[in-house]
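sharing a model that was predicted from the sequence below.
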Amino acid sequence: MRLTEQEFEVKYYLYKDTIYSIAYTYTHNSFDASDITQEVFMKYLNSTKSFTSNDDEKYWLIRVTINTSLSYITSSWKKKVDLLDSLEHAKDEANSEEFNYYKEIVSLPNKSKEVLILYYYEDLKIEEIAKVLKTNPNVIKKRLQRAREKLKERLKED
Amino acid sequence: MDNFERKIRDSKNVIRPKELDSDKIYSKASTYRKFSIKDLFTPRLVVKYLLMVLVIGIAFGSGLLINNHNSHENPINHSNEPQIIDDSGKNQTITPIERLDLNETAVSDEYLKFTNEEDLIQYLKSSKSSYSYRDGVKGVGDETVNVEGTAAEPTNSDVVESDYQTNVQVEGVDEADIVKVIKNKIFYLPTSFESYRIHMLEEVDDKLFLRKTIKYGKSEEVIKTVNGFNLIQASERCPLDLYVTDNYLIVRVSKYEYKYTQSTTSTFRYYSYYDYTHTTLFEIYDIETLDLVTRIDTAGDNISTRLVNDTLYVVNNYYDYMNNTKSFYYFPFFYIDDIYYETGVDRIYYPKEDDYKSKSYISVYKIDLGEKIKVEDLHILSSNANNLYATAKNLYLINSYGNEVINDVDYQYISPISVVTVVNISDGLTLSGSFKVKGYISDKYWIDEKDNYVRVVSNGTEVKNGYIDQKYFYSYESYVFNYLTIFEKTEEGYIQISQLTKGIGKEGESIKSARFNGDRVTVVTFRQTDPLYYIDIADPYNPVITSAFEISGFSVYQHPYKDNLVIGFGYEANDNGSITGYKITLFDISDKENIKAVGESFVIASRENLGKYTNRYYYEPEILSNPKALFVNLDRDIFGFRIQSTTYSSSNYETRFTSEYIVFKVEVDSPKPLNVIVHEKYDTADWKERMSMYDRMVFIGKNYYLLCRDVVYSYIYEDGKLIDNAKIDLYKMN
């Protein structure tokens, strides 16, 4: 594997919250998000890819997390489950306004959701998001603008 | 940022962080096997493949195809001779030791041996690949080890000996930890990312002295300078855990080497190359002088170790990286003080069943720590082990993995499976057989040996798919199963004599913890509530669930306390099954027909109101993932453990790391039987210090010591209480 157990622990604490949070926004439950987090780290440990910088490594992990989460929720297993139903578990303990925002964000189409999560939840800059999603920063700017507009509209409807 | 954007950001608070165990992920990754490809192999295709293999086999047999394996030259001289180390280990005099002749030993007929090396090499080449990689192997590096004496010798010698022991699974079978106590000496390896050292402390006349410190350092060497950049080769070693015997301090060490280029005019660094050695190094020191006696480096990634009667047992997973063009390591190997030894073919077994054919070895090393240190080894070509259960007689090498596919006429059943290989250690190292059980054996506490019986709990999810008109389809049918299975060791091997398949857990609930104790096993399952089951296993042919007690949350570690109590350490949960905190509950299991909780549970909230922009993330008692972190003093009804946590404030972008140590007094007759008698708390914003706060509490006589990196807090036990005594700064001791 690419790292010793000790080195992996350092990387693990560095990235676990990011990976878990992103996975959670797709699965809406801690068990599946934990599974995905585990799977992403296993892919990371068994990957032979070399990274030129810490940022490069982080972008790779975020990209893998998004892809793993998407393939997880679109798998034939999960199609049968209404994922938003499981959000109700989180509702009990959350601030109601925070919950409404969260619910609308994660219900947005994936392209809008991705940029909002990376920009607001993970504090990535527009250039960084462009690197993660392998696209032009201008595209991300537009997506972010549209995502904010869509979110405002949905919140008004509520 | 406007109000709308701030609200978007704050909505992240809905996500409940959950702590995973990095060790378990690492362990799983090292034994990762991709099984999904099996889905592509329908029975019809498999028959075709078999026919193809048969045709190719006939072609080989008749000489139609050229067998070129003889062209390979192994550059390593095989040393099949046994090894021994001289008393000092420093002159590296090697003389033969007596080895067990395995040909004359009763071995289960599930395993076979190779008759020559070429057969082994062909076997490895034809086996399916493993997903554990080794990048290269190097000998011990040149890193410095400094031993410092920092304290004056005491004049008196009134010595009290300690009864402290690491919280181990099986009495008499020691497990490595960061603290070990022998007589009046404490050996302490602080958990730290900043620097690595081992302190040797000694209590004399009620006073604690720092006798010596072993320091582990980095070594760096400039190889060449090109265009204003230095190419630097560096290596580093990191002590992981310890054992002590009457004669030796044994340290498990991880090590790695790397190269980087650094500008000669700035601090810019570019790491160009890493070389992880994938061997497991043991450094053995004289317990009095802390002089290094010998280094034993064993091939493979370490799964676990045990110490039984001054003999260290090491279990590694070793994978031969066949594509390494520089050299071929077909055989497992080890170094003793930089001298290379390769395992002989007579020490290697492979399973008779082709289904378990693998390129990966489970390697077992026996290091006899007597006056003369001896090494003996045994290797099984049988995938990887991912857990170890050990008694004074046997090592149980557990390999639990994803999906075993069983094809019925109309349906295909897919479920996890565990294969347990048993190595007898009562007289040398003997492979004594194996058994298979449906489901994961997720924890070493899920397996237990008593007399000739092995009792195992396992769980998993079985999926049923099928065929319609010879086309594969997903039926989406699945169910969670929890089993208790009992095997009997007979002359024919391990025979399953009973299995409890129903009654453990309600529908959809899975096992969270189990603890065997003599004729009983207590099992906790969970989905929304925690039923604790008492299973009477006095009659191994007829295990019976005698009672169940339901309580919110669930325990992930059960600690037997005195004869009839169990302390459950785990999580508190709400009615939806969501985790809300951590909980410790005392259970009374004296009446097997009516088990119950004793008084109130002790609950620690995982989420406090820390302010609008402050979130607490990682917050967990270490004991939930590492029972060795539990300190227990049974005579005085005291136990304790540490809790680490991380809080992040988005208002000032500050992350703080907090360490707490809590000591409880058990008072069974009180309505609140778990009372906090010590609660220490310390926090810092320094990331490097996050792992180096409270580590362990130990005791010598009436003195209790809370070890905290380079500081020791001492307490005196009086009238059922721990009274603060002193704060001792190790580096200011004289």
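That came through fine.

which of the helices or strands spans residue B:123?
Using DSSP states H and E, residue B:123 maps to helix B:117-126.

chain A: helices as residue ranges?
All helices of chain A, identified by DSSP state H, fall at A:5-27, A:30-46, A:54-73, A:76-79, A:87-91, A:96-107, A:110-116, A:126-132, A:137-157.

worst mean pLDDT among these?
Ranked by mean pLDDT, those bottom out at helix A:76-79, with a mean of 46.

once you drop chain neighbours, what's closest to the residue most central in space within chain A?
Nearest to the geometric centre of chain A sits residue A:22, at 2.3 Å (Cα atoms, centre = their mean). If the residues on either side of it in the chain are set aside, residue A:22 comes closest to residue A:65, at 4.8 Å by Cβ to Cβ, 6 or more residues apart in numbering or on different chains. Just so you know, the C-beta spots here come from the backbone N, C-alpha and C atoms, and that holds for glycine as well.

which ones are touching that neighbour?
Counting by Cβ atoms under 8 Å, 6 or more residues apart in numbering or on different chains, residue A:65 touches A:18-19, A:22-23, A:36-37, A:40.

which two among those residues are spaced furthest apart?
Pairwise distances across these (Cβ to Cβ) peak at 12.2 Å, for the pair A:18 and A:36.

of those two, who's got more company?
residue A:36 (24 against 19; other Cβ atoms under 10 Å in any protein chain shown).

residue A:71 is in contact with the more buried one, correct?
No. Residue A:36 is beyond contact range of residue A:71, at 9.7 Å (criterion: Cβ atoms under 8 Å).

give me phi/psi at residue B:625?
Dihedral pair for residue B:625: phi -110, psi -10, per degrees, to the nearest 10.

what about it, distance to chain A?
Remark: distance between residue B:625 and chain A (Cβ to the nearest Cβ, to the nearest Å) = 12 Å.

before we move on, what about residue B:559?
25 Å.

number of nearby residues for residue B:340?
Counted with other Cβ under 10 Å, residue B:340 comes out at 14.

that one in helix, strand or coil?
Of the three states, residue B:340 takes strand under DSSP: H, G, I helix; E, B strand; the rest coil.

so what's it closest to, chain neighbours aside?
Residue B:340's closest residue in space is residue B:333 (Cβ to Cβ, 6+ apart), at 6.2 Å.

isn't residue B:447 up against residue B:439?
No. Using Cβ under 8 Å, residue B:447 is not in contact with residue B:439; the gap is 12.0 Å.

could you pull out the strands for the stretch 601-734 of chain B?
Assigned by DSSP state E, counting those that start in this stretch, the strands in the stretch 601-734 of chain B fall at B:602-605, B:614-621, B:631-633, B:638-649, B:654-666, B:674-684, B:696-700, B:703-708, B:711-718, B:721-729.

need those strands in JSON lines with distance to chain A, mean neighbour count and mean pLDDT, can you?
Shown next, in JSON lines, are the strands of the stretch 601-734 of chain B (distance: least, Cβ to the nearest Cβ, whole Å; neighbours: other Cβ atoms under 10 Å in any protein chain shown; pLDDT from 0 to 100):
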{"stretch": "strand B:602-605", "distance to chain A": "12", "mean neighbour count": "16", "mean pLDDT": "81"}
{"stretch": "strand B:614-621", "distance to chain A": "6", "mean neighbour count": "18", "mean pLDDT": "60"}
{"stretch": "strand B:631-633", "distance to chain A": "23", "mean neighbour count": "20", "mean pLDDT": "93"}
{"stretch": "strand B:638-649", "distance to chain A": "9", "mean neighbour count": "20", "mean pLDDT": "84"}
{"stretch": "strand B:654-666", "distance to chain A": "10", "mean neighbour count": "19", "mean pLDDT": "87"}
{"stretch": "strand B:674-684", "distance to chain A": "15", "mean neighbour count": "15", "mean pLDDT": "88"}
{"stretch": "strand B:696-700", "distance to chain A": "19", "mean neighbour count": "24", "mean pLDDT": "94"}
{"stretch": "strand B:703-708", "distance to chain A": "20", "mean neighbour count": "23", "mean pLDDT": "94"}
{"stretch": "strand B:711-718", "distance to chain A": "23", "mean neighbour count": "18", "mean pLDDT": "92"}
{"stretch": "strand B:721-729", "distance to chain A": "27", "mean neighbour count": "14", "mean pLDDT": "87"}
